[in-house]
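Engineer: Give me a model of this one.
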Amino acid sequence: MSVQLNHTIIHSLDNREAAAFLADVLGLEVGTEWGPFVPVGTANGVTLDFATVPAGSLTVQHYAFLVSEEEFDVSFGKIRAAGIPYFADPRMKRPGEINHNDGGRGVYFLDPSGHGMEIITRPYGYQEPAAG
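Structural biologist: Predicted structure coming up:
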C-alpha cells in the first residue's frame, strides 16, 4: 500500500468561520459538518477537518498550499480585496509583498484563528526542467 495523507484536524477558535475563510480564499467547498468537524477537501483528496477548541488550547500552525498560477491570481486577488494583511516571508518582515522563490510566486497570510497560511505556485526546491 502506498502511504498517503488522508486528513488532518485543524484546531480553530470557530470551526465554521475558519473553514469558510480558507474555502473562500482557495476556491474550495466546505463539506457537511459531522460531529465536531467542518471539512474542507483539497484536489489531492486530503481533507482539512476544522475543530473548535478553547482559545487557551490553540497551538498556531503553518499550512502551505500548492496552487496553479491562475489559482494564485484568484486567491491573491481575494486576499487583497478583503484587506487581509499579507507578507512575502513567514516571519512577516516583508508586508505587502509576495515572494518569487523557486521561480514561482508565494504569499503568507493569517487565518481567523492565527494560523499561518501560505500559497505557492512552485514547491520548495523546484527547478525548471532542462530544455532539450
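Engineer: Quickly list what the closest residue in space to residue 96 that isn't next to it in sequence is bridged to.
Structural biologist: Nearest residue to residue 96, sequence neighbours excluded (Cβ to Cβ, 6 or more residues apart in numbering): residue 86, at 7.0 Å. Just so you know, the C-beta spots here come from the backbone N, C-alpha and C atoms, and that holds for glycine as well. On the basis of DSSP bridges, residue 86 is bridged to residue 109.
Engineer: okay, residue 86: pLDDT?
Structural biologist: Residue 86 is assigned a predicted lDDT (pLDDT) of 98.
Engineer: Let me see the contact set for it.
Structural biologist: 76, 79-80, 95-98, 107-109 (Cβ atoms under 8 Å, 6 or more residues apart in numbering).
Engineer: mind listing the helices for the chain?
Structural biologist: Using DSSP state H, the helices of the chain run over residues 15-26, 69-81.
Engineer: burial count for residue 56?
Structural biologist: By other Cβ atoms under 10 Å, 5 other residues sit near residue 56.
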